[in-house]
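[1] Here you go, sequence then predicted model.
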Amino acid sequence: MTAVALVGGGKMGEALLAGLIEADHSVVVCEPDELRAASLRKKYGISTGDTRIAVENADVIVLAVKPAMIRGVLDAVGDAIPAEALVISVAAGITTEVLESGVPDGVAVVRAMPNTPALVGQGMTVLSAGRHCSADQLEQAKELLESVGRVAVVPESQQDAVTALSGSGPAYVFFVVEAMIDAAIALGLEPDTAHELAVQTAYGAATMLRETGDDPIELRENVTSPGGTTAAAVERLEEHEVRVAFAAALAAAKIRSEELASE
């Protein structure tokens, strides 16, 4: 059992908390909002406590606060982190260099980019190791975060692109489903019916991608008969340069991730 100090009890913090508890780890949550802390204690039966004390007694410290708060947290308790501890940050745009500057020399840090499907145990988290992180410690981080979904490891130079794809990606999917619902209502469907059809279609399509392992191009072509209804729809999407729009969206998210590191 790993002793985890979870700093931050917001939505992502709670998602990680639920997964870590399910995996039988010992978790202390450090959440300054007492109402929120009380809610987490009641819901999960866990302890909440002083950040410095929790950090001093932890094997792993998970920083689940907003990017703008990372430096403040490290300024306040960074010196209390044990030399042998592992620090994992899930704050977007915060580099391992920034993390290492706020902890004792030699402490291992890992930069992680999870996404919100972690809330339902279907997250995608991508890890990058800091200078002092051993292979065993990186594997430890991977095992911990597999409690909320799948985990991949990439060089840190790719983390801003990861943020643009899987970090922000759920919002793109929600946006598409929202647009499909609106369009279906405009075609005469009742809102509840449109919602059910769009959500199940998205869920089914995603499940096919996962379960079959087939290329999305192949799956799309399988339902796009020449001269058929799907072909007519896809042709219109291409006319409106949806691919170009997605490329621009991901590029904007990547740039913003890069900016966060210097703010």
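    Right, received. Where do you want to start?
[2] CA only for contacts and neighbour counts going forward, please
    Will do.
[3] Would you mind identifying the next helix or strand past the longest helix along the chain?
    Counting residues, the longest helix found in the chain (DSSP state H) is helix 191-212. Counting by DSSP states H and E, the next helix or strand C-terminal to helix 191-212 is helix 216-222.
[4] Which helix or strand lies directly C-terminal to that next one?
    Counting by DSSP H and E, what follows helix 216-222 is helix 229-239.
[5] Can you show me the CA trace of that next one as PDB?
    What follows is helix 229-239, C-alpha atoms only, in PDB (Å, rounded to 0.1, in the frame of the first residue of the first chain):
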ATOM      1  CA  THR A 229     -26.400   9.400 -46.900                       C
ATOM      2  CA  THR A 230     -23.100   9.200 -45.000                       C
ATOM      3  CA  ALA A 231     -21.100  10.100 -48.100                       C
ATOM      4  CA  ALA A 232     -23.300  13.200 -48.500                       C
ATOM      5  CA  ALA A 233     -22.700  14.200 -44.900                       C
ATOM      6  CA  VAL A 234     -18.900  13.600 -45.000                       C
ATOM      7  CA  GLU A 235     -18.700  15.500 -48.300                       C
ATOM      8  CA  ARG A 236     -20.300  18.500 -46.600                       C
ATOM      9  CA  LEU A 237     -17.900  18.200 -43.600                       C
ATOM     10  CA  GLU A 238     -15.000  18.300 -46.000                       C
ATOM     11  CA  GLU A 239     -16.500  21.300 -47.800                       C
END
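[6] List the buried residues in it.
    Within helix 229-239, the residues that count as buried by 16 or more other C-alpha atoms under 10 Å are A231.
[7] immediately after it, which helix or strand?
    Counting by DSSP H and E, what follows helix 229-239 is helix 242-260.
[8] beta partners for S47?
    V28 (DSSP bridges).
[9] contacting residues around it?
    For S47, the contacting residues are 27-29, 41, by C-alpha atoms under 8 Å, 6 or more residues apart in numbering.
[10] 10 Å instead, please
    26-30, 37-38, 40-41 (C-alpha atoms under 10 Å, 6 or more residues apart in numbering).
[11] ok, of those, which one's closest to P104?
    C30 (20.2 Å; C-alpha to C-alpha).
[12] bridging residues for the nearest residue in space to the closest one that is not next to it in sequence?
    Using C-alpha to C-alpha, 6 or more residues apart in numbering and skipping the chain neighbours, the partner closest in space to C30 is V7 (4.8 Å). Per DSSP bridges, the residues bridged to V7 are C30, L63.
[13] Check V7 and give its pLDDT.
    On pLDDT, V7 comes in at 97.
[14] Y203 now?
    97.
[15] follow-up on the earlier one: A68: which of the contacts of S47 is nearest?
    Closest to A68, out of all of those and judged by C-alpha to C-alpha, is C30, at 17.0 Å.
[16] domain ranges for the chain?
    Listed by automatic domain parsing, the domain ranges of the chain are 3-157, 169-260.
[17] Need the winner for burial among these.
    domain 3-157 (a mean of 19; mean count of other C-alpha atoms under 10 Å).
[18] show me the contacts for the closest residue in space to A194 that isn't next to it in sequence.
    Nearest residue to A194 in three dimensions, chain neighbours excluded: I181, at 5.3 Å (C-alpha to C-alpha, 6+ apart). Residues near I181 by C-alpha under 10 Å, 6+ apart: 175, 187, 189-199.
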